[in-house]
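**Q** sharing a sequence plus its predicted fold:
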Amino acid sequence: MPTANQLLEDIAHVGRDTDDGYHRMPWTPEVAQLREWFAGEAQVRGLEVVEDGNGNQLAWWGSGSDALLLGSHLDSVRGGGAYDGPLGIVSAFAAIDDLHAKGFAPRRPIVVANFTDEEGARFGLACLGSRLATGAITAEKALALLDDDGTSLAEAMRRHGRAPEAAGPAEWLRDIGAFVELHVEQGRWLADGSAAVGVASAIWPHGRYRFDFTGQGNHAGTTAMGDRRDPMLGYAATVLAAASLAERTGQRATFGRVQVLPGSTNAIPSAVRAWLDARADSEPALDSLVAAILTEAEQAAARHGTGVVFTSESVTAAVAFDEVLRDRLAGLLEAPVLPTGAGHDAGILSAHVPTAMLFVRNPTGISHAPEEFADEADCTAGVDALVRVVEELA
């Protein structure tokens, strides 16, 4: 029986850029290879793989209703790490191996999910597969989303042999009785303690917002500083203001993506497009933070004779995981309970089925980067915890 770490090693080469982490974008050859791997591992374990119209893969041990759902996702952010998402899937497969070895006969179906496009790195909306499956976004809106090259989600699906018209709410959801997602911790809460595994309490509310700063393109050498309408200045002031506001209030604000037009070294930009990721410990705090950043952006743009247009692209409300299930698992595993500022498919499904999350210790505290890590002993502890969860719930 391969361990979780051995299963991770089997896919370690897929989408790997040795200088810049992993690039596993949805509906690309790299993720297609991972999907084939998922189906193969499921088949080895005698699981039946079903794919819904959104591209989510579900591997079933047994059939019927009230199923216990496990799993996570295989896509990554640009330059991501090896554990965010895949650890939840390989741990589920390894847990099933352990249960098979014990002769365990589940009283309810066990399902391992590979949700598509959890990170939102290509089409800009996180948890797209689970949002479509639960009806949290309409198929019409999702299929029209564009990547940086102008390719729509619908076209990307067609290129990989899928029928976009099949996208939308998934029938399998009505047969799920509970969902437990295992994930590498994205932070240092567990790293500073003695526990290898923790249980999630809640997910902070968070959103993605676009700022379009507009000005006048011009020559970098011939245009006096006082004659410029440079949108980069408004953008730069907004980045600094966002960092200051978030630090002052104990929240999170990150400009992690920017496009400069036309993008010439010797030209003053005509436009700067920038995306803000904002997170807070409450919904009022998130609204207040974003409003304050927008005010700073408008004032900075006005000072430099430029404009700014604000678009709220997606906002996810706070998620409090099912208290009964959370407390049951925390007691079972004698595990600490901790919040998270990261979004997950578990957060989307929590509005429909009792949901919980397990976190595996990350000694670096780094995520969405190559330094993301969980050592072998902690990964094994995560699998053992998942085995105990399945034995308890199924």
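**A** That came through fine. Numbers count the residues shown, from 1 in each chain.

**Q** so what's the closest residue to E296 other than its chain neighbours scoring on pLDDT?
**A** Spatially, and ignoring its direct neighbours in sequence, E296 is nearest to A241 (3.7 Å; Cβ to Cβ, 6 or more residues apart in numbering). For glycine as for every other residue, the C-beta is placed from the backbone atoms N, C-alpha and C. For A241, the pLDDT comes out at 98.

**Q** wait, A220 touches P262, no?
**A** No: counting by Cβ atoms under 8 Å, A220 sits too far from P262 to count as a contact (11.9 Å).

**Q** of the two, who's got more company?
**A** A220 (13 against 10; other Cβ atoms under 10 Å).

**Q** show me the contacts for that one.
**A** Taking Cβ atoms under 8 Å, 6 or more residues apart in numbering, we find A220 in contact with T265, N266, A267, I268.

**Q** one step back: the residue nearest to E296 reaches A300, doesn't it?
**A** Yes: here A241 reaches A300: they are 7.4 Å apart, a contact under Cβ under 8 Å.

**Q** who has more neighbours, the two?
**A** Neighbours were tallied for A241 and for A300 using other Cβ under 10 Å; the higher tally belongs to A300 (22 against 18).

**Q** kindly export the helix or strand hosting that one (C-alpha atoms) in PDB.
**A** Per DSSP states H and E: A300 is located in helix 283-303. Provided in PDB are the C-alpha atoms of helix 283-303 (Å, rounded to 0.1, in the frame of the first residue of the first chain):
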ATOM      1  CA  GLU A 283     -18.300  40.600   7.300                       C
ATOM      2  CA  PRO A 284     -18.700  44.200   8.600                       C
ATOM      3  CA  ALA A 285     -14.900  44.300   9.000                       C
ATOM      4  CA  LEU A 286     -14.400  43.100   5.400                       C
ATOM      5  CA  ASP A 287     -16.900  45.700   4.100                       C
ATOM      6  CA  SER A 288     -15.200  48.400   6.100                       C
ATOM      7  CA  LEU A 289     -11.700  47.400   4.900                       C
ATOM      8  CA  VAL A 290     -12.700  47.300   1.200                       C
ATOM      9  CA  ALA A 291     -14.600  50.600   1.500                       C
ATOM     10  CA  ALA A 292     -11.500  52.300   3.100                       C
ATOM     11  CA  ILE A 293      -9.200  51.000   0.400                       C
ATOM     12  CA  LEU A 294     -11.500  52.200  -2.300                       C
ATOM     13  CA  THR A 295     -11.600  55.700  -0.700                       C
ATOM     14  CA  GLU A 296      -7.800  55.700  -0.700                       C
ATOM     15  CA  ALA A 297      -7.800  54.700  -4.400                       C
ATOM     16  CA  GLU A 298     -10.200  57.400  -5.400                       C
ATOM     17  CA  GLN A 299      -8.300  60.100  -3.600                       C
ATOM     18  CA  ALA A 300      -5.000  58.900  -5.000                       C
ATOM     19  CA  ALA A 301      -6.300  58.900  -8.500                       C
ATOM     20  CA  ALA A 302      -7.800  62.400  -8.100                       C
ATOM     21  CA  ARG A 303      -4.400  63.700  -6.900                       C
END
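
**Q** show me what it packs onto, helices and strands only.
**A** When contacts are defined as 3 or more Cβ pairs under 8 Å, 6 or more residues apart in numbering; DSSP states H and E, helix 283-303 packs onto strand 206-214, helix 231-249, strand 271-279, strand 307-316.

**Q** any idea which helix or strand comes after the last one?
**A** Pointing back at strand 307-316 there. Downstream of strand 307-316, the next assigned helix or strand under DSSP H and E is strand 319-320.

**Q** what about that following strand, average pLDDT?
**A** Strand 319-320 shows an average pLDDT of 90 in the prediction.

**Q** list the strands paired with that strand, with their directions.
**A** strand 197-203 (antiparallel) (DSSP bridges).

**Q** quick one: the strand it pairs with to strand 307-316, angle?
**A** Orientation check (axes from the mean of the first three to the mean of the last three Cα atoms, to 10 degrees): strand 197-203 against strand 307-316 gives 120 degrees.

**Q** how far does strand 197-203 sit from the chain's center?
**A** Offset of strand 197-203 from its chain centre (Cα atoms, centre = their mean, to the nearest Å): 16 Å.

**Q** would you mind getting the angle between it and strand 271-279?
**A** Between the axes of strand 197-203 and strand 271-279, defined by the same axes, to 10 degrees, the angle is 120 degrees.

**Q** what residues does strand 197-203 touch?
**A** So strand 197-203 is contacted by 185, 189-190, 316, 318-321, 326, 329-330, 333, 335-344, 346-347, 356-361, 378, 381-382, 385 (Cβ under 8 Å, 6+ apart).

**Q** can I get that strand in CSV? Just the C-alpha atoms.
**A** Extracted in CSV, the C-alpha atoms of strand 197-203 (Å, rounded to 0.1, in the frame of the first residue of the first chain):
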residue,chain,number,x,y,z
VAL,A,197,-3.7,17.7,13.1
GLY,A,198,-6.3,20.4,13.9
VAL,A,199,-10.0,20.8,13.2
ALA,A,200,-11.3,24.0,11.5
SER,A,201,-13.8,26.2,13.3
ALA,A,202,-14.6,28.7,10.6
ILE,A,203,-13.5,30.5,7.4
